[in-house]
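> make a model of this:
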Amino acid sequence: MTANERPWVLGSHIGTLIGYTIAFGNFLVPLFIWLAKKDASETIAIHAKASLNFQLSMALYLIISAFFAFLLIGIPFLLIIPLVNLICVILATIDADKGRLYRYPLTINFVK
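Model prediction:
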């Protein structure tokens, strides 16, 4: 990872935390980075895609949990999923800072 790629790579992971304050911010940040930089750098594209796929997966899991919350079995997941998201984003940012790609768990590859 070059010095020019580093802020984009780190931003694609840590930028998803904006989703805790701005609606859809969690997947808009990596989406914009991926769209803007996918042709310029393969490293940035790989990190942004990994982050985007994870955030889309987490959003899907939250929607499913919200549906099951009406049956009361989804309520714990509505609390656990954001916590797992936060922990994974922090771990991914630490790995990206070290020049490694973090393999997010429970990720569905929407963007290939």
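> all helices for the protein, in order.
All helices of the chain, identified by DSSP state H, fall at 6-14, 25-37, 42-69, 75-97.
> check which residues of the shortest one are buried.
With burial defined by 16 or more other Cβ atoms under 10 Å, the residues of helix 6-14 counted as buried are Trp8, Val9, Leu10, Gly11, Ser12, His13, Ile14. For every residue, glycine as well, the C-beta is placed using N, CA and C.
> with the third one instead?
The neighbour-count check on helix 42-69 (16+ other Cβ under 10 Å) flags 43-45, 47-59, 61-62, 65 as buried.
> for the last one, same thing?
If you call a residue buried by 16+ other Cβ under 10 Å, then helix 75-97 has these buried ones: Phe77, Ile81, Asn85, Cys88, Val89, Ala92, Thr93, Ala96.
> go through the helices of the chain and name the closest to Arg103.
Arg103 lies closest, by Cβ to Cβ, to one member of the helices of the chain: helix 42-69, at 7.6 Å.
> let me see the contact set for the closest residue to Leu62 other than its chain neighbours.
Closest residue in space to Leu62, ignoring its immediate chain neighbours: Ile81 at 5.4 Å, by Cβ to Cβ, 6 or more residues apart in numbering. Contact analysis of Ile81 by Cβ atoms under 8 Å, 6 or more residues apart in numbering lists Met58, Tyr61, Leu62, Ser65.
> turn the residues you listed into a markdown table, columns for distance to Leu31 and pLDDT.
Formatted as a markdown table, these follow (distance: Cβ to Cβ, whole Å; pLDDT from 0 to 100):
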| residue | distance to Leu31 | pLDDT |
| --- | --- | --- |
| Met58 | 14 | 95 |
| Tyr61 | 18 | 95 |
| Leu62 | 17 | 93 |
| Ser65 | 23 | 94 |
